[in-house]
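> how does the following fold in three dimensions:
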Amino acid sequence: MELKGLLRSIHEGFAQRGYASAAALRSRVVISDVALSGTDENEQLVIATMRTTVPRPAEIEQAMARYLHDAIVQAIAASAFDGPWQCGVFRQAVPGELFIKSNGRGKTAPADESPDRSPI
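Take a look at the predicted model:
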């Protein structure tokens, strides 16, 4: 699967549906070197964790998770993979007070956006 293109299309789909602006979305793909699903060494397991930090109604988060799931399933179906697979999406809303966020560029000091920032 071409993952960067898949992520781009998911971001665009979220934006088209009004869930979030494409520029505000962040996605990462982590691929395990070793995995085992039950006793089947060939079965592939795709797990997506959708973490949101902007509060949304539960039905919107569920619609986002369903869109993400369906996009991954379509990408698997379009791939050359011919073995068994499973796909799951976990929804996780993270309140702003439970994460610290900074932005920067290159070697510049990050612009910390956390309200509890204290001087070092």
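
> which residues of the protein fall in helices?
3-16, 58-78 (DSSP state H).

> among those helices, which comes closest to residue 36?
Within the helices of the chain, the stretch nearest residue 36 is helix 58-78; the backing value is 18.6 Å (Cβ to Cβ). (Glycine included, C-beta is placed from N, CA and C.)

> where does the chain dip in pLDDT?
Counting by pLDDT under 70, the chain shows low-confidence ranges at 109-120.

> which stretches of it form strands?
Using DSSP state E, the strands of the chain run over residues 44-52, 85-93, 102-103, 111-112.

> tell me the angle of the first one relative to helix 3-16?
An angle of 40 degrees separates the directions of strand 44-52 and helix 3-16 when computed by axes from the mean of the first three to the mean of the last three Cα atoms, to 10 degrees.

> adjacent strands (with direction) for strand 44-52?
strand 85-93 (parallel) (DSSP bridges).

> mind listing what's buried along the strand it pairs with?
Within strand 85-93, the residues that count as buried by 16 or more other Cβ atoms under 10 Å are 85, 87, 89, 91.

> excluding chain neighbours, what is closest to residue 79?
Once flanking residues are discounted, residue 79 sits nearest to residue 1: 5.0 Å by Cβ to Cβ, 6 or more residues apart in numbering.

> count of neighbours near that neighbour?
14 (other Cβ atoms under 10 Å).

> need the contact list for it.
Shown in contact with residue 1 (Cβ atoms under 8 Å, 6 or more residues apart in numbering): 75-76, 78-79.

> buried subset of those, written for ChimeraX?
Only the buried entries of those go into this ChimeraX selection, using 16+ other Cβ under 10 Å:
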select :75,76
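
> determine which two of the contacts of residue 1 are furthest apart.
76 and 78, at 7.4 Å, using Cβ to Cβ across these.

> let's have the helices of the chain in JSON lines, adding distance to residue 107.
Compiled in JSON lines, the helices of the chain are given as follows (distance: least, Cβ to Cβ, whole Å):
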{"stretch": "helix 3-16", "distance to residue 107": "26"}
{"stretch": "helix 58-78", "distance to residue 107": "35"}
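
> good, wrapping up.
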